[in-house]
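Novice: give me a model of this one.
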Amino acid sequence: MSTQSYKAQDPYSLGSLPDKMAVYQECVQQFNALPVDAKKCRQLLAKMLRLIYHGVTFPAEESTMLFFSISKLFQHKDSSLRQLVYLAIKELSATSQDVLMVTSSIMKDIQLGDLIYKPNAVRSLSKVLDGLTVSSAERLFRNCMVDKNPIVSSAALIASYNLLPVAKDVVKRFANEALETVNSYKQFPSNQFQLHEYYGTSTTNLPSNSYMYQYHALGLLYELKSHDKMSMMKLITSLHEGSSLKNSLSIIQLIRYINRVLHDDPSLITHLYPVLHSFLKHKSDMVELEACKTLTTLQHLVKDDEFMNVILTLQKLLSVPRSATRFAAVRLINKISLKHPEKVLVVNLELENLINDPNRSISTLAITTLLKTFGVGTVESTSSESVDRLILKMTSLMDEITEDFKIVIIEAIESLALKFPSKHKKLVEFLDDLLRDDGSIKLKTAIVEALFDLIKFLPDENAKQLILMNFCEYIEDCEFTLLLVRILHLLGDEGPKTSQPSYYIRHIYNRLVLENSIIRSSAVIALAKFGALCDEPLASNVRTLLTRSLKDVDDEVRDRASVSLRFIDSKQPSLIVNDSRFNLAALEGKLTHYLNNEDNFSTGFQISEVPLLTLDELKSMEYNEKLTQLDNNADGSGSKDKSEKGTPSGNQDASNDDAAANEYLKQQEYAARLAEVEEFVEYGKLTKSTMTPIYLTDRENEFVVTVVKHFFAETNKLVLEYEITNTLSLLVLQDITIDVVPDNEAYEAEYSTKLAELKPQQSGSVYNSFGVPGILEDDVLAALGNTLKYISKDIIDDEGGIDPADEGIQDDYEIEDLEVSAGDFMFPLYKPNFTAIYDLLPEEDSTVVTVSGVSTIENAATKLTKTLSCMALDGTDYVPSDSTSHILKLLAKDLWGGIVAVQVRLALRGAQVVAKIEVKAETEGMAGVVASGAY
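Specialist: As a prediction, this is how the structure comes out:
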């Protein structure tokens, strides 16, 4: 939406805008008239500024004419007119020419003018100066910064901030004045508010100072010192020790600067934590919340006992009368509970009190947070009464809140049940009860989707059967055709696998008799799945029921029944029930490529080129996406209006689909790039590539090198794609190669490429390929030493040319080693019953290691999951922060299609984490690879 159309919809707008040309002509005429009519000029300037603020622009010629005409108004001494003159100059300076002509008049007003328009003059001066003339006003800006009037000082600071892009070297010299301003005490003059008629005589209770100049000065200081870590540390320390900051916004800004410093260098936490801790007891709620927010983001750097101070501060803020403060506090607690729900158990009482808060955003967040604490074991640690009380309060609250908030609670329940499968029973009962209550299709869809996910991902078969039976009861009274179709589809997929398929057949057949043609068509397909998968005599009974549908009045129902009977009689269940599905991201990419080029139309679209996903692979992708979506929704979702999304999680689902599509397209991009190298064509189909390039140098180095590993499982080949960036502005690199030396003699170098030339700020790729030993032949893990070799030549002119006679200097550049780890040979995999899978796998190996680089069990679990490229199952990815032992269950699929199950027993021994890793695998030799590759 444009600025003009947005402003036109403003309910506070004073009607239609004045005519642009009429305002222009009248301004030029009136501003050049003698004598100057101050009142008329003020009105015209107001009209012109209104046009500009509504997005109307004047061409350069008209803008310049207006600018020159306005400059003649300096001869009139009216203060109110002068204020509007400076506003107009500031707006027109960007589109006018020869704006420097008013510099002397503005500088004169700054030195000798009235206090009422002096700040306007300072701000306008920064708009008319350029990089060459700003030095002439340097002393003027310095004097204004240290002016005793805080308004003038703030204007000078903001003007300096605006001058940074055009004259940074000059502004750097203002650092001392800015620091002096931060530490100074300035007061409004006694007649400050009497200058304006608006206040009249009621000036006795107005503030003598706002300390806003400290906020502006601190912002300028950060821009000048942010590149220098030591200067920032000195600034933070001096401001904290001197206690000179009085403005809450400036203290919040200082906390944010501390956060940025710690983000760049976490080792400074020991020096800066006391500073952040001191702000947890500030008199301002805003400051306390900002300190809590910063320490929450730095939670991995803070000790548990120190972090409890954050929880206690938030606990205090939950009881303040301001709704905004309570909401911010409960949102932070909710964010903490996403990963560490055990830490917020101490505020459960306050959270329960907030359930009845009049602000429904607060009550919803309180419930979702309590649900997470329920997941970490409040049932066993106290009693089931607390859980029953929470469910009871949620039930009573459901009648009082809108459907948007109900959907937030439903998502929180689903997230809890997926992360803590053992806690699902009471939650499923709550969702089932909610499904039977009245509600719109939006709410019912959210409940049904949550129950669908629980059926798909919960390992407990009894829970699945309970949900399916509840669905059977629900479809008897369901009024929404869309939901009925989806539930019938699910019953057709899951019903044949249950112990009592006949129960579901009866309810499905009822829909075949009582419902409309759309539902009857779906019921026919659902029954056909029972007929294809169930044994006799149940299958023959299904065929009898389908035969009756051959006389249905609707042709779609008759056709589906006829085709289904044909498939069942021909003993071809695969035509009804699929064990695999097309990769939709791949299908979209192939179709887009096919349709974008008309030359492709001479041949048919080759559906065989679209890869198929097994049900396990599809379920793994969906499980990962679902957890990510629920976590994102839980992070402050109560503050967002879900109605804007069309469906409760529509945008999030779309983003998850886009992520999956982007990952596949990235893989396709790699495959296409490798296919351009003739030597790699015979390697076959690309099996796996690392999605994120691995940095082998620091990102600030003169040469930045990244690498992507490409594996071809069919031919046992490894291709390393190195991308090299030359960041030096005075050197050209030629004949660039990467010398790779593996420590595993079984890795045989086969082919390498050379990059001819790299000019400054250019990037290029170099390839090295190796034959990888078979999994049964030798050890497949290796460390690869890398050396960048090149010839460097100096640039001799501004166009980047080099001397043809320059032979250059042959040089080597050492870069970091690259490891081929066990995770490179595996994909994350989801299956609901880890224990059953683990017991059935034949190959077995184990080892005991000390997990390097970590000091907590939580970090060790995260590192092992990432290193081994596995998926954590049964909620074992959650590790209580105070635990000293933990069992991590990981599942993956290797490049050759076999399942790999890893059970890791973690224990804390002093400052180290010891892990006993037990591996079982389907592919022979893979268990040993994983056991030896864990560290």
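Novice: what is the burial count for Q500?
Specialist: By other C-beta atoms under 10 Å, the residues close to Q500 number 11. Glycine gets a C-beta too; all of them are placed from N, C-alpha and C.
Novice: that one and L484: what is the separation?
Specialist: Going from Q500 to L484 by C-beta to C-beta, to the nearest Å gives 21 Å.
Novice: S729 now?
Specialist: In terms of C-beta to C-beta, S729 sits 67 Å off from L484.
Novice: which one's more surrounded, the two?
Specialist: Set S729 next to L484 and count neighbours by other C-beta under 10 Å: L484 wins out with 20 against 10.
Novice: mean confidence score for whichever strand or helix holds that one?
Specialist: Using DSSP states H and E, L484 sits within helix 481-494. The pLDDT scores in helix 481-494 average 89.
Novice: swap in stretch 260-279?
Specialist: On average, stretch 260-279 scores 89.
Novice: again with stretch 450-460
Specialist: In this model, stretch 450-460 has a mean pLDDT of 83.
Novice: okay, that stretch in CSV with CA atoms only?
Specialist: The C-alpha trace of stretch 450-460 is given here as CSV (Å, rounded to 0.1, in the frame of the first residue of the first chain):
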residue,chain,number,x,y,z
ALA,A,450,-3.8,-31.9,16.1
LEU,A,451,-5.4,-35.3,16.6
PHE,A,452,-4.2,-36.4,13.1
ASP,A,453,-0.6,-35.5,14.1
LEU,A,454,-0.9,-37.4,17.4
ILE,A,455,-2.2,-40.5,15.5
LYS,A,456,0.7,-40.2,13.1
PHE,A,457,3.5,-39.6,15.7
LEU,A,458,2.5,-41.1,19.0
PRO,A,459,4.1,-44.5,19.6
ASP,A,460,1.3,-45.7,21.8
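Novice: residues touching K626, list them.
Specialist: K626 is in contact with 418, 453, 457, counting by C-beta atoms under 8 Å, 6 or more residues apart in numbering.
Novice: and stretch 299-310, how far apart are its ends?
Specialist: In stretch 299-310, first residue to last residue: 10 Å (C-alpha to C-alpha, to the nearest Å).
Novice: right, and the helix or strand after the helix or strand of the chain with the lowest mean pLDDT?
Specialist: Least confident helix or strand of the chain, by mean pLDDT, DSSP states H and E, is helix 379-381 with a mean of 40. Remark: after helix 379-381, the chain's next helix or strand is helix 384-398, criterion DSSP H and E.
Novice: packing partners of that following helix?
Specialist: helix 348-354, helix 360-373, helix 403-419, helix 424-436 (3 or more C-beta pairs under 8 Å, 6 or more residues apart in numbering; DSSP states H and E).
Novice: in the last one, what counts as buried?
Specialist: Looking back up the chat, that one is helix 424-436. 424, 426-428, 430-432, 434-435 (16 or more other C-beta atoms under 10 Å).
Novice: ok, so of those residues, who is nearest P832?
Specialist: H424 (12.2 Å; C-beta to C-beta).
Novice: how close does the nearest residue to E403 once chain neighbours are set aside sit to I409?
Specialist: Once flanking residues are discounted, E403 sits nearest to L443: 4.6 Å by C-beta to C-beta, 6 or more residues apart in numbering. Using C-beta to C-beta, L443 is found at 11 Å from I409.
Novice: mind listing what's buried along stretch 303-317?
Specialist: By 16+ other C-beta under 10 Å, the buried positions in stretch 303-317 come out as 307, 309-311, 313-317.
Novice: give me the neighbour count for A523.
Specialist: Around A523 there are 31 residues (other C-beta under 10 Å).
Novice: residue contacts, it?
Specialist: In this structure, A523 makes contact with 488, 508-509, 511-512, 515, judged by C-beta under 8 Å, 6+ apart.
Novice: most neighbours out of those, which is it?
Specialist: With neighbours defined as other C-beta under 10 Å, the most crowded of these is L488; it has 28 neighbours.
Novice: now the contacts of K626 in JSON lines, with distance to R548 and neighbour count?
Specialist: What follows is those, written out as JSON lines (distance: C-beta to C-beta, whole Å; neighbours: other C-beta atoms under 10 Å):
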{"residue": "L418", "distance to R548": "41", "neighbour count": "20"}
{"residue": "D453", "distance to R548": "35", "neighbour count": "20"}
{"residue": "F457", "distance to R548": "36", "neighbour count": "20"}
